[in-house]
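Q: Turn this into a structure:
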Amino acid sequence: MLLAMWAAGLAAGGSVVAGWRVVGRGYVWLTAAVATAVGVALSLVAGGVPAWVATGAAAAAALQASRPAWVVAAFATAGALFVAAGWGESAVLPLLTGAVFLGGVTTEMMLGHWFLVDPTLPRWSLHRLAVVGGIGLSADALYMLTQGLVSGATADPVLGWAYLALTVMTLILILGVVFSLREPGYTGVMAATGLSYLAVLTAFGVAVVGRMLAT
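A: Predicted coordinates for the structure are as follows:
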């Protein structure tokens with residue numbers, strides 16, 4: 001399920017950024033390559049036909065990199081099919097919340113690095129992706145808490161505390177990204193990108209520990 005969430009989030013993030021039309025073909029190629037690689041891994045493990053079709057759609061985005069409308073459609077199709085591929089192993093809500101926060105922080109990190117290629121990219125794009133990641137993470141934590149998976153009678157106390165600690169840490173890092181982007185100099189983007197690196201790592205910890213609690 002982790003691979004399905006990540007692949008869906010990457011594809012959805014690629015669709016959103018392509019729709020903003022703030023990047024060129026190089027960024028589309030990068031996102032398509034990463035989403036395709038994760039999709040292949042998912043397909044080989046347990047994704048089935050939807051995962052293979054989704055992987056093909058992600059790869060097709062790279063072939064249409066100079067046509068933004070086609071890129072948006074290809075990534076959106078891939079994202080929906082990756083969700084379908086993971087649906088059989090998970091309830092749909094945690095699958096979606098996981099895709100949102102993993103996709104948000106990973107896409108933000110990759111786009112942050114693209115500022116090295118094009119320093120004229122708008123900062124609001126990074127800000128929006130960080131906010132989306134934070135919203136997805138908050139929704140995921142709310143689901144876990146309301147389902148009693150963190151502090152309920154059947155929850156593992158060690159994993160529960162680990163999940164909460166990783167969630168809080170990731171939220172703090174996302175806030176750090178948002179506030180760093182207020183720095184007018186280019187160092188603000190550099191700091192935000194560095195913090196997003198750490199946010200990706202802790203977000204994966206949230207996803208792994210949270211899904212262990214849910215099983």
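
Q: Would you state the predicted confidence (pLDDT) at Ser90?
A: On the pLDDT scale, Ser90 is placed at 65.

Q: secondary structure class for Ser151?
A: Classification of Ser151 using DSSP: H, G, I helix; E, B strand; the rest coil returns coil.

Q: same for the helix or strand harbouring Leu3, what does it pack against?
A: Element membership for Leu3, per DSSP states H and E: helix 2-20. In terms of contacts (3 or more Cβ pairs under 8 Å, 6 or more residues apart in numbering; DSSP states H and E), helix 2-20 is packed against helix 25-42, helix 48-63, helix 68-87, helix 92-114, helix 123-146, helix 186-214. (Glycine included, C-beta is placed from N, CA and C.)

Q: TSV please, covering those helices and showing distance to Ala165 and mean neighbour count.
A: Below are the helices and strands packed on helix 2-20 laid out as TSV (distance: least, Cβ to Cβ, whole Å; neighbours: other Cβ atoms under 10 Å):
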stretch	distance to Ala165	mean neighbour count
helix 25-42	26	21
helix 48-63	32	21
helix 68-87	25	22
helix 92-114	16	24
helix 123-146	12	20
helix 186-214	9	20
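
Q: out of those, nearest to Leu2?
A: helix 186-214 (5.6 Å; Cβ to Cβ).

Q: Ser43 is in contact with Thr55, isn't it?
A: Yes: the criterion here is Cβ atoms under 8 Å, and Ser43 meets it with Thr55 at 5.7 Å.

Q: check contacts around Ala33.
A: Ala62 (Cβ atoms under 8 Å, 6 or more residues apart in numbering).

Q: now do 10 Å
A: Ala58, Ala59, Ala61, Ala62 (Cβ atoms under 10 Å, 6 or more residues apart in numbering).
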